[in-house]
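> sequence plus the predicted model coming up.
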Amino acid sequence: MKKIFLTLLLVAGSFAIQAQELKWETDINKAITVSNKTKKPMLLFFTGSDWCGWCIRLQKEVLKTPEFATWAKKNVVLVELDFPRAVPQSDAIKAQNNALQQTFGIQGFPTIYFATAKVNAKKVPAFTGIGSTGYVAGGPKAWLAVADGILKTK
């Protein structure tokens, strides 16, 4: 009985570690570089991480699961564009996130936008949108089905 319990504990722990290993970029220029190098689109997560209930729920139910971690590593470059109320941010990050909110016409949180980008000679990114989604009820399986449908259109 102890062996079964320890095995289950180790398996559960490895899933938690895997979900925590995801790299979320916060610098859009770095994310664009990684995206172009890996030939993967960016998943732009517009969130109010410390005040938006649906954002927190999406994180808990989908973005911090082993299923999402496995999918994300294969399919996208993760970018978190946060609009917190209590957590301090640099002026540069605030300006970048506000500019991207305007660029993509984001009006509510959470919004996840899939996009690619090229940088022109003046170092200005030109984005190509693939599609967007937000919270999807039904856990990681339902959310990933929607995301896969969006990515198939690229």
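Alright, I've got the coordinates.

> which residue ranges form the strands in the chain?
24-25, 42-47, 77-82, 111-119, 125-133 (DSSP state E).

> buried residues, stretch 39-55. List them.
40-49, 52, 55 (16 or more other C-beta atoms under 10 Å). For every residue, glycine as well, the C-beta is placed using N, CA and C.

> so which of those comes closest to Pro110?
Cys55 (4.3 Å; C-beta to C-beta).

> wait, what's in contact with the closest one?
47-49, 109-110 (C-beta atoms under 8 Å, 6 or more residues apart in numbering).

> residues touching stretch 90-104, excluding its own?
Here stretch 90-104 has contacts from 26-28, 44, 46, 81-83, 89, 106, 111, 113, 115, 127, 129, 132, using C-beta under 8 Å, 6+ apart.

> what do you get for stretch 26-39?
Residues from elsewhere that reach stretch 26-39, judged by C-beta under 8 Å, 6+ apart: 25, 40-42, 77, 79-82, 93, 96, 100, 116-119, 125.

> now the buried members of the residues you listed.
Here, 16+ other C-beta under 10 Å leaves 25, 40-42, 77, 79-82, 96, 100, 116-117, 125 buried among these.

> out of the residues you listed, which is nearest to Trp71?
Among the buried ones among the contacts of stretch 26-39, and counting by C-beta to C-beta, the member closest to Trp71 is Lys40, at 11.7 Å.
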